[in-house]
Every structure is written in structure tokens, then in C-alpha cells.
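In: Below are the sequence and a predicted model; questions follow.
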Amino acid sequence: MQGEVLARLAAVNVGLPAFADAIASQGAPVVDVEWRPPARGDRDTVRALELLWGVHGSAVASANEEVVRRIEASQPRAVKVAPARDMLPILSSGRVLLHSGTTIAWERVCDPQQRALAAACVFEGWASSPAEARSLLETGDVALAPGNEHGHVGPMTGVCSPSMPVWVVLDETSGARAYSTFNEGPGRTLWFGVGDEESIERLRFFRDELGPLMARLLDREGPIDIFSLTAQGLQMGDELHMRSQATGNLLVRNLAPGFAALGGERSARFLTGNHHFFLTLTMAAAKCASLAGAGVRGSSVVNLITRNGTDMALQVAGLPGRWFSAPAAPVQDALLREGYTETDAALDIGDSAVIECIGLGGMAVAAAPAVAAFFGGGAADAIARTELMGQITVGRSHRFTIPALDFAGTPIGIDARLAAELDITPQITTGVLHASTGAGQIGAGVAHQPVEPFRAAVLALAEDLDE
């Protein structure tokens, strides 16, 4: 009898899988439970989480629901195109350049961003060469400012100078307003950290031809309902960060009557040949939505994430204006072009992670199985990654849905509590720049964000609610 009971015993292993493997190798039944201490066992973070899930749990939950409601209720529209100096007061006088990421001293700026900033100085006529421009930047004769602090979001290097045309995007519901430059497309461009004459010439084309034409097109055709187009693009294979070809085609279709009436063949050809043109529209709309959700006390929803190739930083809606930062991560899951290796790659860069904060990009990768090739997977892997992101979000979007998930909504409302507790951080679909040569984009992939800023935000939020 005793032997029969022992034969039916099975082991349950919690923790290190090696223990389960040892039992299984002896032919004994074992159930392996994947478990690890919350927040990797960090006591301060665990105590803060206990407060945010316990004493303050109801208040945090209500605040998070309100933030997501505001994000979902936002209706950002591109209402105007104008020179940046006319829309952004910081660029209206003096020599100032905006960049992606948070505040940074020139000597810490990564190589691709330095090249782009120097080229912008040449474009503005402040310097006659990149070398002269670097001297101005080193001495502070040309000042730097993070775009996010002034309502601007820029992809990759994120540089914006006074003469560059910008989209003006407005959410009338909340009054939030945001700006972004035109996307420069593939090749040798500033957003990819290339600062040669070819990249500067494209900026001149934007200033002299494309910008004024797009301003007239908007006046003629009316505002662009950005999220209406992005919702359609999700149904057509886009995730709106690394891939937005379908959504861009929808935009071109809507603008076609205006092009027919106003002309502009060169500009039309540029739009049809630039499969990233819609990216900066999505970014400005996402910035509007994130601003609409900011300022709800107690919310642990991450409403801003930014990187500059040196630092990564985030904000939570409950603590507006406070950045929590860490060193920028590498783009871990990347497909690089032939001839390049991981040692050639710059660290994660750009303001475009604001897209993930509203339920697109890496949150919606299941909608774009073609993107899975960049992290060595297929459609099933893309679905798995979206479901993983669902573990750290407040809910699912009602506006953005994914056909491959039976039209379930994308994960929305990144919860700093869940990211810190589960040690799962947002995955950002993004490009990879060369770290040192000015070669531009050398690949694309997924950047997993460091967990430390999420923990820091949890600690600060708990402290704020305890006051």
C-alpha cells in the first residue's frame, strides 16, 4: 500500500528549472511552475508595489482607467503645416535646435545625433561646414533643447530646426497640441544620423517645395484625421511604427484630389516613394493623446517614453513633467544588413516610443506579421509578443483592433507597476543606426526597455500618494 502511494507522488518545482530537470531525468513526474520574486526581490520596489496595489490600489485603478479613457477619447487631427519657428516659441529667436530624448550635454550626445545637429546648423546657414557647426555646438553658441519639453516629437535623431516645416496636430477635445517634422524617408538623411550635402538638400526641398505645398493641400482638403487612418492601417498589415506603408497609401489617396488641383509632381513622387512618411503624423497624434492623459494624480500609466542613443527616460501620467531615466538599451532583437554586426549598432534612439504608449507599434505587432522577420520570427511570434505586452497594460483599445486576434483591441496603458513587478518592459519596434561612421540605418528590430525607470516611477508614485 505504501509503495502504491509513493508511486503516485509528483513533485511541484517553484523557481529554478534545473531542479525540475533533475527530477524529470529520473523518470519521476514533476510540474514546473515558472515563478520569480516580484521586482526581482528588490525590497524598496516591493514595498512601493504593496502600497500601490493595496492601500492606494483603488485610487490608482480609477486614475488609470481615466487616463486610458482620455487617450482613447482623443481625436488628433493635422490642421496645419508651417515653419517650426512660427509654431514653437523656443525656435522663434536665437540659435536653438531640438532633438529627441531628454536634456543632454553636447559631449554626451551620440555620434548619429551629433552629425544630424551639425547638419541642421549648416542647413540654417549658421555654419558653412559640419566642422564649423560642431564648434558652435561645443561652445554652446547653438543651444540644444529636448523636443518633448516643447510639444515636439522627432524620430531617431529627432532634430528640428527653425526653418523646417512641421505638422501641427490638435486634439480639440483636450486642447492638446503637438508638432513633428516631415519624415525624410530612406537613404542619407538627418533622422538616420547622416549629415552630408545630400541630407541637407532634402531639407531644402522640404522647406522650399514640399512644406508650402502640404500647407496649401491641408487648406484645400481639410484636416487629416490621423487615428482614423491608423485604425484602417492596422487592418492592412501596419503596426504604425516600423511599418506604416498601408496607412501612408491611405493618406496619399486622400490627398490625390489636392495634388491633381495644385500640381507638385516631385512632391507627390516623394510621398509615394517614402513608406515612412506617415510615421511622424502618428507620433504627433500619439503625443497629443499622451498629453491628454497627463496629470491624473495617482496614475501609474506610462504616457511618454523617449530615447536619444545615450539615455532612455519615461513619464507616468500621475507625475507629469518628471522623467525617470536609465542608460539607453541596445536594439536587442535586430536584423542587420549584410556586413554589419552588433558592435556597429548605436543604442536605442528616438521620441517615437510615444507610439507604444497609445497601443501601437510594439504593442500591435500581431497586426504586422511582416515585422516579425526582423526578430527572426513569424506570425505566431508576432501574436505572442502582443499578448506578452497585454500582461503589462491596463486594458485593450476600443479604437485599434487586430484581425489576427479576432479583432481584439491592442494592449493600451502601460502600467509601471506591472512592468516593475513582472520584470517585463515595453518592446519598441525601431530602426538601428550605425554608431560611429554616419552610414545611417543598418537594420531594424525590437528594443526592450530597461526596468530601472519603471521601478523609480513606482517608488516616486507611492511616495507622492503617501504624502
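Out: That came in fine, so what should we check first? Numbers count the residues shown, from 1 in each chain.
In: is it true that G94 touches G140?
Out: No - G94 is not in contact with G140 according to C-beta atoms under 8 Å; the separation is 11.5 Å. Where you see a C-beta, it was placed from the backbone N, CA and C, and this is true even at glycine.
In: ok, the closest residue to E198 other than its chain neighbours - contacts?
Out: Distance criterion C-beta to C-beta, 6 or more residues apart in numbering; nearest residue to E198, sequence neighbours excluded, is R188 at 4.5 Å. By C-beta atoms under 8 Å, 6 or more residues apart in numbering, the residues touching R188 are 194, 196, 198-199, 440.
In: can you give me the strands for the stretch 251-400 of the chain?
Out: 302-308, 311-316, 324-327, 333-336, 349-350, 393-402 (DSSP state E, counting those that start in this stretch).
In: out of these, which comes closest to H56?
Out: H56 sits nearest to strand 311-316 of all the strands of the stretch 251-400 of the chain, at 13.6 Å, using C-beta to C-beta.
In: From the contact counts, what lies against the closest one?
Out: The contact analysis (3 or more C-beta pairs under 8 Å, 6 or more residues apart in numbering; DSSP states H and E) places strand 311-316 against strand 302-308, strand 324-327, helix 452-466.
In: strands paired with it, and their directions?
Out: Looking at strand 311-316 with DSSP bridges, its partner strands are strand 302-308 (antiparallel), strand 324-327 (antiparallel).
In: tell me the domain boundaries of the protein?
Out: 2-34, 43-72+293-466, 76-284 (automatic domain parsing).
In: Make TSV out of these and add mean pLDDT.
Out: Below are those laid out as TSV (pLDDT from 0 to 100):
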stretch	mean pLDDT
domain 2-34	69
domain 43-72+293-466	96
domain 76-284	97
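In: how about the nearest residue to the most centrally placed residue in the chain, chain neighbours excluded?
Out: Centroid-nearest residue in the chain, with C-alpha atoms, centre = their mean: A353, separated by 0.9 Å. Nearest residue to A353, sequence neighbours excluded (C-beta to C-beta, 6+ apart): I305, at 3.8 Å.
In: Relative to G248, how far out is the one you found?
Out: Taking C-beta to C-beta, to the nearest Å as the measure, I305 falls 23 Å from G248.
In: returning to that earlier point: any chance of the strands of the stretch 251-400 of the chain in JSON lines, with mean neighbour count and distance to G258 too?
Out: Shown next, in JSON lines, are the strands of the stretch 251-400 of the chain (neighbours: other C-beta atoms under 10 Å; distance: least, C-beta to C-beta, whole Å):
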{"stretch": "strand 302-308", "mean neighbour count": "27", "distance to G258": "33"}
{"stretch": "strand 311-316", "mean neighbour count": "26", "distance to G258": "37"}
{"stretch": "strand 324-327", "mean neighbour count": "17", "distance to G258": "43"}
{"stretch": "strand 333-336", "mean neighbour count": "18", "distance to G258": "37"}
{"stretch": "strand 349-350", "mean neighbour count": "32", "distance to G258": "30"}
{"stretch": "strand 393-402", "mean neighbour count": "20", "distance to G258": "26"}
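In: of all those strands, which lies closest to T429?
Out: T429 lies closest to strand 333-336 among the strands of the stretch 251-400 of the chain, at 9.5 Å (C-beta to C-beta).
In: Check the offset of that closest one from the chain's centre.
Out: 17 Å (C-alpha atoms, centre = their mean, to the nearest Å).
In: May I have the strands that pair with that strand, each with its orientation?
Out: Here strand 333-336 is paired, per DSSP bridges, with strand 441-448 (antiparallel).
In: So for the partner strand, what gets flagged as buried?
Out: Buried residues in strand 441-448, counted by 16 or more other C-beta atoms under 10 Å: 441-448.
In: now swap in stretch 137-149 and tell me
Out: Quick answer for stretch 137-149 (16+ other C-beta under 10 Å): 137, 142, 144-148.
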